[in-house]
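Visitor: The amino acid sequence is not available; the structure is as follows:
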């Protein structure tokens, strides 16, 4: 826990995050305001299940109760399954890696036996990044920090715990906030709000140039980072691009679809239960399969998950790259790109778009013909009222793939616009 507060010259448990017993506001969620002193007393009063096993911290808990329970577990050295029931915790406990302090549910589905798919890590591996993040994002104890997503999602839980580590105030309202943690989609909405805070820490998906420019026009101090629940922080930066997060060593390794991003750091998880993308090597590096490239400036650009690559007519198309370019077109609120099996092409590119108010799909398709190469251009288009998303705000590709295979996405765009054939 690099940089963690101390009392009396020695390191104590997680209750050190509470700093003091003052009346300063620690939590402000849903109208519930809790001071640091009240939070400290609540943490001490939490009654955990008997024994030393994994504690379930159900997704149904309100934010104050969830944070209080997590803090109580960490303070007493009890591993905690965030977003899981007591029954799921009981099943998961038998297969946890030794030393697990936090078991974090991913946005994926459950494993075959019904156990939650979780990332297992030590609390120290998560919190070692606290001081570097505070410095990068210019966050201080004086900040009032807004967390804009559910706390059972790892990036939002980390944001809330990081705020308490700082001694700052954390809540769920932008009004009066001086900083926020958000996905690019949530930041885009916040930028339309007069209450948008002057500092923003953004992750969870690729950010469009339009959102980045809008933040700059508002004078927002933007800190972007790339990471994953399995890896924690990997890359971070400001307007000059993403570079290795302090303490992280990055390697780009060739694979069939490009160059894969591998990271070595003290922030890596112990493992993933129930499947997942985490792979490790003997040198201590790990990857979740994301592709990246090194720019002439020395910064890195993350291209997207290698398993989202589409092989069509012998060429490789990176779905997330095409998504970002479609999402930047006039009239598009959000976009998802998938590969669909095709007899002649191997796969054909399919787009599902969420249109902005008053926009028409034919205009979007016309613009796409002008901005995408023939191999990248979607051969079929679907319109969704709202793209399905995971708890962390990412597009739920699995839901869309299932809908595409089952024919439940609705009618495809009229064949007249399939100008490239097939």
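Guide: Perfect, I can see it now. Computed from a prediction, not measured in an experiment: that's the story for all the values here.
Visitor: hey, let's count contacts and neighbours off CA atoms from now on
Guide: Will do.
Visitor: Next one, pLDDT for the residue nearest to residue 291 when sequence neighbours are not counted please.
Guide: Residue nearest to residue 291 in three dimensions, not counting chain neighbours: residue 260, with 4.4 Å by Cα to Cα, 6 or more residues apart in numbering. Per-residue pLDDT puts residue 260 at 94.
Visitor: Which residues does the helix or strand encompassing residue 260 contact?
Guide: In this assignment (DSSP states H and E), residue 260 forms part of strand 258-264. Strand 258-264 is contacted from outside by 231, 234, 248-254, 284-287, 289-293, 306, using Cα atoms under 8 Å, 6 or more residues apart in numbering.
Visitor: Could you tell me which residues make contact with residue 384?
Guide: 352-355, 409 are the contacts of residue 384 under Cα under 8 Å, 6+ apart.
Visitor: Please report how far the nearest residue to residue 280 once chain neighbours are set aside lies from residue 190.
Guide: The shortest distance from residue 280 to any non-neighbouring residue, by Cα to Cα, 6+ apart, is to residue 286 (4.2 Å). Distance, residue 286 to residue 190, using Cα to Cα, to the nearest Å: 34 Å.
Visitor: Among those two, which residue is more densely surrounded?
Guide: Shown here are residue 286 and residue 190; by other Cα atoms under 10 Å, residue 286 has more neighbours (23 against 18).
Visitor: is it true that the more buried one touches residue 231?
Guide: Yes. The pair formed by residue 286 and residue 231 meets the contact definition of Cα atoms under 8 Å, at 7.4 Å.
Visitor: where along this protein do the helices fall?
Guide: Along the chain, counting by DSSP state H, helices occupy 36-45, 63-75, 86-93, 123-127, 130-137, 154-166, 184-190, 209-217, 319-327, 361-371, 397-406.
Visitor: wait, isn't residue 305 in contact with residue 291?
Guide: Yes. Using Cα under 8 Å, residue 305 makes contact with residue 291 at a distance of 5.9 Å.
Visitor: Between those two, tell me which one has more neighbours.
Guide: Set side by side, residue 305 and residue 291 show more neighbours around residue 291, with 26 against 19, by other Cα under 10 Å.
Visitor: Could you pull up the contacting residues of the more buried one?
Guide: Counting by Cα under 8 Å, 6+ apart, residue 291 has contacts 258-261, 302-306.
Visitor: For burial, what's the neighbour tally of residue 135?
Guide: Under the neighbour criterion other Cα under 10 Å, residue 135 is assigned a count of 10.
Visitor: so how far is residue 199 from it?
Guide: Taken as Cα to Cα, the span from residue 135 to residue 199 is 13 Å.
Visitor: now residue 362
Guide: To residue 199, residue 362 is 38 Å away according to Cα to Cα.
Visitor: Between the two, which is the more surrounded one?
Guide: Per other Cα under 10 Å, whichever of residue 362 and residue 199 has more neighbours is residue 199, with 22 against 13.
Visitor: mind listing what the more buried one touches?
Guide: 137, 178-180, 220-223.
Visitor: swap in residue 409?
Guide: Per Cα under 8 Å, 6+ apart, neighbours of residue 409: 382-384, 400, 403.
Visitor: now the residues you listed as CSV including pLDDT and distance to residue 95?
Guide: Output for the contacts of residue 409, formatted as CSV (pLDDT from 0 to 100; distance: Cα to Cα, whole Å):
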residue, pLDDT, distance to residue 95
382, 95, 42
383, 95, 42
384, 93, 40
400, 91, 31
403, 91, 33
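Visitor: which sections of the protein are below the confidence cut-off?
Guide: 1-20, 107-116, 307, 314, 391-392, 414-422 (pLDDT under 70).
Visitor: just curious, which of the contacts of residue 409 is nearest to residue 173?
Guide: residue 384 (28.5 Å; Cα to Cα).
Visitor: Closest one of the contacts of residue 199 to residue 46?
Guide: Distances from residue 46 to the contacts of residue 199, taken by Cα to Cα, are shortest for residue 180, at 28.6 Å.
Visitor: Would you mind measuring from the closest one to residue 187?
Guide: Counting by Cα to Cα - residue 180 and residue 187 are separated by 9 Å.
Visitor: From residue 234, how far out is the residue nearest to residue 292 when sequence neighbours are not counted?
Guide: Ranked by Cα to Cα, 6+ apart and with sequence neighbours excluded, the top spatial neighbour of residue 292 is residue 302, at 4.2 Å. Between residue 302 and residue 234 the computed distance is 11 Å (Cα to Cα).
Visitor: residues shared between the contacts of those two?
Guide: Joint contacts of residue 302 and residue 234 (Cα under 8 Å, 6+ apart) are residue 226.
Visitor: ok, these two, which is more surrounded?
Guide: Ranked by neighbour count (other Cα under 10 Å), residue 302 and residue 234 place residue 234 first, with 25 against 19.
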